[in-house]
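# quick one, fold the following:
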Amino acid sequence: MRQSAILLLPLLLLACKKDSKEPDTKQAAVHVKIGHHPKFSQGCITVEAHGGTGETVLAEFKEPGQFDSNDPVLNVAVFRKADWGRDVEITVRAFEKGCAAEQLVDERKQTFSFASAGRQEWLLEDLHTADEDGDGFVSPGGPMNRGTDCNDLRATAFPGALELCNGLDDNCDGRMETGVVNRVWYLDSDRDSFGRNEPGTEACDPPSELHVEVTGDCDDERGDIHPNAVEACNGLDDNCDGSADELFKEGPGALGTACTEACNGTYACNGAQTGTVCVGTPSTPLYTDADADGEGEKDSAPVGELCPGEAPPPMMAANTLDCDDADRATNTQATEVCDGLDNDCDGQVDEQMSCGSLRKVVDPVLAGGNWRTVAVHPSGYPVWVAGLGGRLAVKMDATSAFVSHSGDTTTRCGPAGNTLDWHASWVNPHNGYLIVVGEDGWIGEHNGGSCSQSQNNLPGNSDYFSSVVGVGNPAQVFAASTLGHLYEWTGAAQRHDSPGRYWGLHANGNDALYAVGSTGESSPLTPVVNLYTRTSTWGTPAVHNLQGTAGYNGGLRAVWAADATLIYAVGDGGLVVKGSGQSRDWERVLPPSGPAVDYVSVAVPPGTMNAYVIGNEGNAGRLQRLTSNGWAKTPAFTPSAPNVPIRDIAMTSSSNFWIVGDDGNVYHFPE
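Numbers count the residues shown, from 1 in each chain. The predicted model follows:
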């Protein structure tokens, strides 16, 4: 092994010792092993030592003979001087091409303690001395990231070297300086590697960093335009072939050709510049206008577009002004009327009319009653309500309170003290008398002062009358029993047998009667609509066809014949069917979206096509309104819908109707 050790000056014995345990100068030393690159022979390595006091000692290795490529390790022994302290700091530095401070490329320090005798060792294997081409200059790197050799694989490339005309940086100044002229350079302002289409400059090296040896750029101000660019659809010659947008001028969707996807459309470049798109005059969004009143549903999404000058298609509008698109009489041009609706779509209901709202009637006579039926004279009064436990009451006019005619009064219907359950009622429009029916076949006619009553022998033990109505003038009274029999009073009562059960009755003119219910008496039930007609007598009913009810399990609970062309029947599970007196084929009307409601009653105000339908979602009452255009927004209960079942509705117009239910709930609009 090559021995390049050097003693850092003669070592002297200390005159005295601060600690008798400290070794003398001959008993302590550090062996520094300094590894270097095998070709590091023109640089410099220094070793400096000092002990905090006394003179600093420095040794330099800068002669080529001091570096051995076969054994690239310098071995240096550092002995403690007599005037040093206990600890000695040793610094090893590496320089490129000499030992000047500005040529420093690496520096390492370490402190050693001479508190005890013995030899210590410091191995430096990673000192930055990389000089692959052996030119004396080190490539950048190491902990200090120093070194000036710009190409450590070429011995002719180093700071101060002769610059050659070879397209390379020989003197490491970052530029290729001018040598022998043998190249042509073109200005490349946009740095896309293509110079301008103009005469170049002859020089060995580029006149500036913006010069290249390739020409052909037709727009040197844009880096995305050059001969190697992909032609885009943008009206420019991107690839400098002398044509613009040539890839997009042929075939389907060719630039400038007509298209139909936009108003007065032609094909133009798309936003991504990758193809064409149909553009034209801006269109107007179209919205569904289900009620055909010229206004689309408020806050709805567009369903189409309308070009300028075109008329909207049927049942579509170019606006979203309508606050209820199922009601033709509700729009911004409508007149506000007293019906509990926002007719003119201004966000207010019945404003400036003082007509009241749909709210609960507060009256001691009504409190606590489980009301099952309500009947009203076409003029608006009297209004009768009846229910379970013999409860019966009447309001004779708008200013009077309800008067009780329950089973505990002398003006009752039925035997003294009765608690009969009344289930249905009807007011005779010709004399204003009430017909009320219910439990155990009882039927009564009340004139407001007294009641005449009778009991019919119903076949079942728990059968009762579920509906009652009068037909013609003088009125012929019909009542339906829950065992499926239709009772007709023409002098003596007559019974018409029928399959299943009847729940609802309604007359259509003087000679037609609709009865609805279900076939069968236990689940599964099939809904049924029967029509009784009178010639000289009431004959066998005609069974109507209910389309769209296949697989339905449930019965119809109520029916209302608005006129000969419009009849509604409603029932369990949201079932609604719509028919006409001219056909036996009825169509099903799908319920509105949301939880299923079991419908129990229906009424149509005279002169309208709107059905008011009531029912229950579980034990909570619901009111919904059906028009010829679909399910509309209903009059809202004030302050909210009752949280008990509701049972019946009666109305003389959309401006006057009554709803009754359990636990004393009687509602009136307007109240």
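# after the lowest-mean-pLDDT helix or strand in the chain comes which helix or strand?
Taking mean pLDDT, DSSP states H and E as the measure, the chain has strand 492-496 as its least confident helix or strand, at a mean of 68. Downstream of strand 492-496, the next assigned helix or strand under DSSP states H and E is strand 501-507.
# could you look up the next helix or strand downstream of that next one?
Following strand 501-507 toward the C-terminus (DSSP H and E): strand 512-519.
# contacting residues for Phe61?
Contacts for Phe61 (Cβ atoms under 8 Å, 6 or more residues apart in numbering) come out as Ser4, Cys44, Ile45, Thr46, Val47, Phe67, Leu74. C-beta: built from backbone N, CA, C; applies to glycine.
# closest one of those to Val374?
Of all the contacts of Phe61, Ile45 has the smallest distance to Val374: 113.9 Å, by Cβ to Cβ.
# my read: the closest one touches Asn75, true?
No. Judged on Cβ atoms under 8 Å, Ile45 makes no contact with Asn75 at a distance of 11.9 Å.
# find the residue at the geometric middle of the protein.
By Cα atoms, centre = their mean, the chain has its centre lying nearest to Ala301, at 14.3 Å.
# need the contact list for it.
Tyr287.
# from Arg328, how far off is it?
From Ala301 across to Arg328, the span is 22 Å (Cβ to Cβ, to the nearest Å).
# ditto for Ala161
96 Å.
# also Val47?
105 Å.
# now Gly235
Taking Cβ to Cβ, one finds Gly235 at 52 Å from Arg328.
# more neighbours: those two, which one.
Arg328 (21 against 12; other Cβ atoms under 10 Å).
# can you tell me the SS state at the more buried one?
Following DSSP: H, G, I helix; E, B strand; the rest coil, we place Arg328 in the coil state.
# thinking again about what came up before, just read off the phi/psi values of the residue nearest to the centre of the chain.
Ala301 adopts backbone torsions of phi -90, psi 150, taken as degrees, to the nearest 10.
# and it, what pLDDT?
pLDDT recorded at Ala301 is 95.
# likewise Leu14?
pLDDT, read off for Leu14, is 24.
# pLDDT weak spots in the stretch 451-600 of the chain?
The stretch 451-600 of the chain contains residues with pLDDT under 70 at 491-493, 497-499.
# flag the shaky bits of the stretch 51-200 of the chain, pLDDT-wise.
117, 177-182.
# what are the ranges of the strands in it?
Counting by DSSP state E, counting those that start in this stretch, the stretch 51-200 of the chain has strands at residues 57-61, 73-79, 87-95, 104-113, 118-124, 184-187.
# got the angle between the second one and strand 87-95?
For strand 73-79 against strand 87-95, the angle between stretch directions is 150 degrees (axes from the mean of the first three to the mean of the last three Cα atoms, to 10 degrees).
# can you list the strands that strand 73-79 pairs with?
strand 28-35 (antiparallel) (DSSP bridges).
# immediately after the strand it pairs with, which helix or strand?
Next along from strand 28-35, by DSSP H and E: strand 44-50.
# who does that next one touch, helix- and strand-wise?
strand 28-35, strand 57-61, strand 73-79, strand 87-95 (3 or more Cβ pairs under 8 Å, 6 or more residues apart in numbering; DSSP states H and E).
# JSON lines for these, including distance to Asp224?
JSON lines is the format used below for the helices and strands packed on strand 44-50 (distance: least, Cβ to Cβ, whole Å):
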{"stretch": "strand 28-35", "distance to Asp224": "52"}
{"stretch": "strand 57-61", "distance to Asp224": "57"}
{"stretch": "strand 73-79", "distance to Asp224": "57"}
{"stretch": "strand 87-95", "distance to Asp224": "48"}
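# returning to that earlier point: for the residue nearest to the centre of the chain, give its distance to Leu286.
From Ala301 to Leu286 the distance is 11 Å (Cβ to Cβ).
# same question for Lys62.
The value you get for Lys62 to Leu286, if Cβ to Cβ is used, is 91 Å.
# what do you get for Arg222?
For Arg222, the distance to Leu286 equals 43 Å [Cβ to Cβ].
# of the two, which one has the most company?
Leu286 (19 against 15).
# who does that one bridge with?
Counting by DSSP bridges, Leu286 forms beta bridges with Gly304.
# when you give positions from now on, start the count at 28
Taking 28 as the first residue, the last one we looked at is Leu313.
# that one and Gly81, how far apart?
100 Å.
# can you check Thr438 too?
For Thr438, the distance to Gly81 - Cβ to Cβ - is 134 Å.
# so between these two, which is more surrounded?
Neighbour comparison, Thr438 and Gly81: the larger count goes to Thr438, with 16 against 12 (by other Cβ under 10 Å).
# backbone phi and psi for Thr228, please?
Torsion angles, degrees, to the nearest 10, at Thr228: phi -110, psi 130.
# contact partners for it?
By Cβ under 8 Å, 6+ apart, the neighbours of Thr228 are Val211, Trp212, Tyr213, Pro234, His238.
# among those residues, name the buried ones.
Listed as buried from the contacts of Thr228 are Trp212, Tyr213, His238; burial here means 16 or more other Cβ atoms under 10 Å.
# and which of those residues is nearest to Gly606?
For the buried ones among the contacts of Thr228, the nearest to Gly606 is Tyr213 (88.9 Å; Cβ to Cβ).
# tell me the bridge partners for that closest one.
Val239.
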